[in-house]
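>>> Sequence below, structure please.
(2 chains)
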Protein chains: 2
Amino acid sequence: MTLRLFVPFDLAAGPLTLGKEQSHYVANVMRAKPGEAVTLFNGRDGEWCGTLETVAKSAVVVALTSQTRPQTAEPDLWLLAAPIKKDCIDLVAEKATELGASRLWPVITRRTVTARVNTERLAAHMVEAAEQCERLTVPEVMEPQPLDKVLAGWDAARPLIFLDESGGGMPLVQVLADLSSGPLAVLVGPEGGFAPEERAVLARLPFARPVGLGPRILRAETAAIAALSVIQAVRGDWNRAPRG
Amino acid sequence: MTLRLFVPFDLAAGPLTLGKEQSHYVANVMRAKPGEAVTLFNGRDGEWCGTLETVAKSAVVVALTSQTRPQTAEPDLWLLAAPIKKDCIDLVAEKATELGASRLWPVITRRTVTARVNTERLAAHMVEAAEQCERLTVPEVMEPQPLDKVLAGWDAARPLIFLDESGGGMPLVQVLADLSSGPLAVLVGPEGGFAPEERAVLARLPFARPVGLGPRILRAETAAIAALSVIQAVRGDWNRAPRG
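The predicted model follows:
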């Protein structure tokens, strides 16, 4: 397994010194040795390969040699998710990254019981997942906002698929067939679902599309993962092969 | 939240005594009280509602009143999965249940490193998930078998979609469009993927279809969950609403 790291720095041929925390990770956690292969990406300059030149506790230097992949366009797909308990939202953050979401936005709904969201921890999970799944970007993590504020500032050019566990929604593939390509967002509620008044508000919004995910009651994290999977398979980038 | 339990007994109007373990769960873990509503299913007789008549540590009696849902046909969808570490295969078992898989079959491949599979623990997770997601059945858990033995006894009337992380497969929705309705199975390899000789064997089997899940390298558990989601959305039962 080649070491693959997300870095904030610009990427170009030549030496690059990793930050303190990442140097510690490479030197002490991964126990990497000089001469080992490494791959870097930053979300802007594609993917670059190189070798570890010096490995010191606080400053690892990478000698970058060449670009292995150019930066490419990725689906513009947001996931808005009501915070759920720690293990479950961590799972959502990891899987949303693997499934190519471009943004994770915690939204506070009426029945949200987990008010505190550690966005730094979520971001760290997403960096790790992006490094492992060979993405060229890391999804953006937003600070939590109340659902009504998020909806008040919504750009109507981005359809919002909301996962309506009450059974009122249309099948997801049917809704996707009616949408043109372009920006998209998925909204998943907390374990207790949306409040009736929230569903009523959403139903009146021209950009919102109530969607059902079949006859079984999915947990919030399952609904999020399943919806992202279907969207990428049906109208996202699953027609591309790995490293393609 | 109404107590919802999977039981081995036949369901009909009248009193029904739960087994010892389940009685303990109802009395001591859920601390349920006589008169509380309860829903039972057994995978054969649909769903029945009733109330708790007597609650004792070792023998809880339910008075069943009426059938709330008839038993209905469900997608015949198997998941064959190489064992992966405990947390991940537990997750797969839970999510496969929510996503309506009818059978979970651990298969041992060349690169499988987790040889021991606790099928009893998996079955318990699946019962719990079925109770929570309002399924009318619990998926069958098979004893682990080597992949070559499973393939040797395969019924060619059941197409086998194998998730080929090497990039050689066709997009999942394209493969699904070419299949007629009926039995189906998905095969997911271990973290290290399939060995080249396994892929070669699979490629020669007339019932096997190599499938790719897009440009990102999905973890084994993500691939399993994502593939089941897409299958149910595109050709499974996601055109039905909850309790529909």
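>>> and A:Val138, how far is that from A:Glu221?
20 Å (C-beta to C-beta, to the nearest Å). C-beta: built from backbone N, CA, C; applies to glycine.
>>> Between these two, point out the one with more neighbours.
Neighbour tally, A:Val138 and A:Glu221, criterion other C-beta atoms under 10 Å in any protein chain shown: the higher count belongs to A:Glu221, 25 against 19.
>>> and the more buried one, backbone torsions?
phi -70, psi -30 (degrees, to the nearest 10).
>>> if I look at it, how far off is A:Trp78?
Separation of A:Glu221 from A:Trp78 (C-beta to C-beta): 17 Å.
>>> ok, now A:Arg158?
7 Å.
>>> so what sits against both of these two?
Common contact partners of A:Arg158 and A:Trp78 (C-beta atoms under 8 Å, 6 or more residues apart in numbering or on different chains): A:183-185.
>>> Which of the residues you listed are buried, as a PyMOL select command?
In PyMOL, selecting the buried portion of the shared contacts of A:Arg158 and A:Trp78, with burial taken from 16 or more other C-beta atoms under 10 Å in any protein chain shown, looks like this:
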select buried, chain A and resi 184+185
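>>> Show me which of the shared contacts of A:Arg158 and A:Trp78 is closest to chain B.
A:Leu184 (15.3 Å; C-beta to the nearest C-beta).
>>> now the closest one: how far from A:Pro215?
25 Å.
>>> Could you give me the buried positions within stretch A:138-152?
A:138-139, A:141-142, A:144-145, A:147, A:150-151.
>>> Kindly report the same for stretch A:68-79.
A:71, A:74-75, A:77-79.
>>> Surely A:Ala241 and B:Gly212 touch.
Yes: using C-beta atoms under 8 Å, A:Ala241 is in contact with B:Gly212, at 5.5 Å.
>>> between those two, who's got more neighbours?
B:Gly212 (23 against 17).
>>> and the nearest residue to that one once chain neighbours are set aside, how many neighbours?
Excluding the flanking residues, the one nearest B:Gly212 by C-beta to C-beta, 6 or more residues apart in numbering or on different chains is B:Gly169, at 3.8 Å. Neighbours of B:Gly169 under the rule other C-beta under 10 Å: 20.
>>> for B:Gly169, what are its contacts?
Shown in contact with B:Gly169 (C-beta under 8 Å, 6+ apart): B:162-163, B:175, B:209-212.
>>> Looking at those, which is nearest A:Ala12?
The nearest member of those to A:Ala12, counting by C-beta to C-beta, is B:Gly212 at 32.0 Å.
>>> ok, the closest one to B:Trp238 distance?
For B:Gly212, the distance to B:Trp238 - C-beta to C-beta - is 22 Å.
>>> Likewise for A:Arg103?
25 Å.
>>> who's more crowded, those two?
B:Trp238 (27 against 15).
>>> which SS class is the more buried one?
What DSSP: H, G, I helix; E, B strand; the rest coil gives for B:Trp238 is coil.
>>> how is chain A carved up into domains?
Following automatic domain parsing, one finds the domains of chain A at A:3-69, A:77-235.
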